[in-house]
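Participant: Sequence first, predicted model second:
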Amino acid sequence: MSVKALALSSANWRSEVEEAVRPVLVDFSASWCPPCRAIAPTIDALAEEFQGRLKVGMVDVDAEPELAERYGIRAMPTLLIFDRGRVVDQRLGGAPKDMLRAFLLAHAPGAVPA
């Protein structure tokens, strides 16, 4: 699982996602999910690359089933981008880093392609 992404839970969801002043990428995943484990290093790299422009968080769907249910998560990994607490974009499944970077660039203020 990601080590640089913020661990999100029901306890911190409101302050970290709903009240965030910048966009938030949320990775809904599980430790037993091979594609989730495969993209974890990419999520970490993007969390570092986009630091200060876009917050990156992770929800363990096994630990937070109510969050997964609230957002209709049926496949993993599912990546949702929130802006002002609302889902503004989503991506299902893994992808190469350049595709995920492009996905984030549309939502990260001041982002410059690498």
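Facilitator: Nice, I can see it.
Participant: Quick one: low-confidence residue ranges for the chain.
Facilitator: Filtered on pLDDT under 70, the chain yields the residue ranges 1-3, 110-114.
Participant: mind running it again at 90?
Facilitator: Within the chain, the stretches falling below the threshold (pLDDT under 90) are 1-5, 52, 94-95, 108-114.
Participant: And the helices in it, which stretches?
Facilitator: Under the criterion DSSP state H, the chain contains helices at 13, 34-49, 65-70, 97-105.
Participant: Quick one, which of the ones you listed gets closest to Val56.
Facilitator: In terms of Cβ to Cβ, the element of the helices of the chain nearest to Val56 is helix 34-49, at 3.7 Å. To be clear about C-beta, it is placed using only N, CA and C from the backbone, and glycine gets the same treatment.
Participant: Okay, and the beta partners of the residue nearest the centre of the chain?
Facilitator: Centroid check for the chain by Cα atoms, centre = their mean gives Val26 as the closest residue, at 2.3 Å. According to DSSP bridges, the residues that bridge with Val26 are Gly57, Leu80.
Participant: Pull the contacting residues for it.
Facilitator: For Val26, the contacting residues are 8, 17, 57-59, 79-82, by Cβ atoms under 8 Å, 6 or more residues apart in numbering.
Participant: redo that, cut-off 10 Å
Facilitator: With contacts defined as Cβ atoms under 10 Å, 6 or more residues apart in numbering, Val26 is in contact with 5-6, 8, 13, 16-17, 55-59, 67, 71, 73, 78-82, 87, 90.
Participant: so how far is Tyr71 from Phe50?
Facilitator: 21 Å (Cβ to Cβ, to the nearest Å).
Participant: ok so, going back, just the buried residues from the contacts of Val26, in PyMOL please.
Facilitator: The buried subset of the contacts of Val26, as determined by 16 or more other Cβ atoms under 10 Å, is captured in PyMOL by this line:
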select buried, resi 5+6+8+13+16+17+55+56+57+58+59+67+71+73+78+79+80+81+82
